[in-house]
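Peer 1: Model the structure of this input:
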Amino acid sequence: MKTYFLIMIVAVAFVTSASAQVPVSVEAKKAEMKKLEMLAGQWKGSGWIQQGQTRETFTGTETVQKKLDGLTLLVEGSFKNPEGKPAHQTLAILSCNDKMTGYNFATYLANGVTGIQDFKVVGDHFEWGFEIPNTGTVRYTIKADNDVWFEIGEFSRDGKSWFTNFEMKLDRVK
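Peer 2: Numbering: from 1, shown residues only. Model prediction:
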């Protein structure tokens, strides 16, 4: 009985240690974050957002700063409608996920909505999005070439037909 108990303890310890993840090095995460480095800077421009039947235009800035020695990007967007009222305000943190298969995009909106979405590099652009339970999927695509940031947001109920509900064009100012 003692031998059986000892074998079980050794087996559990072996399985537990074999399944434990090897921590990803800080340097590997920093290297992965360099793929997003082109987003860092001060951006200024305009766009529109549509919620329901109402489309609202806005102007403002997107500030992206490298933080924690390149381990994260802090993204802050502040956009106002033509009357000067907030139209689109965001705060987000981008970081490499622990599996090194993409990025975590922790988002915080002025309306109280928060979430952690997958953010990925897809060819020459970036994509991120989220599911709205029992409603559909939201998808954002960002193309940042040289000194221009172009982003669209789309919504789909079925994952096949997409409706554009957000568009923004920004120019790098620093």
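
Peer 1: Kindly list the longest strand within the protein.
Peer 2: strand 54-67 (DSSP state E).

Peer 1: Please list the strands that it pairs with in its sheet, giving the direction of each pairing.
Peer 2: strand 41-51 (antiparallel), strand 72-80 (antiparallel) (DSSP bridges).

Peer 1: The shortest one: what's the following helix or strand?
Peer 2: Okay, so that is strand 72-80. strand 86-96 (DSSP states H and E).

Peer 1: Leaving out chain neighbours, which residue sits closest to Ser78?
Peer 2: Gly60 (5.1 Å; Cβ to Cβ, 6 or more residues apart in numbering). From N, CA and C alone the C-beta is placed, and that goes for glycine too.

Peer 1: gap between the residue nearest the centre of the chain and Lys80?
Peer 2: Centroid-nearest residue in the chain: Phe105, 3.1 Å away (criterion: Cα atoms, centre = their mean). Here Phe105 is placed at a distance of 23 Å from Lys80 (Cβ to Cβ, to the nearest Å).

Peer 1: sorry, back to before: next one: the residue nearest to the centre of the chain from Met168, what distance?
Peer 2: Going from Phe105 to Met168 by Cβ to Cβ gives 16 Å.
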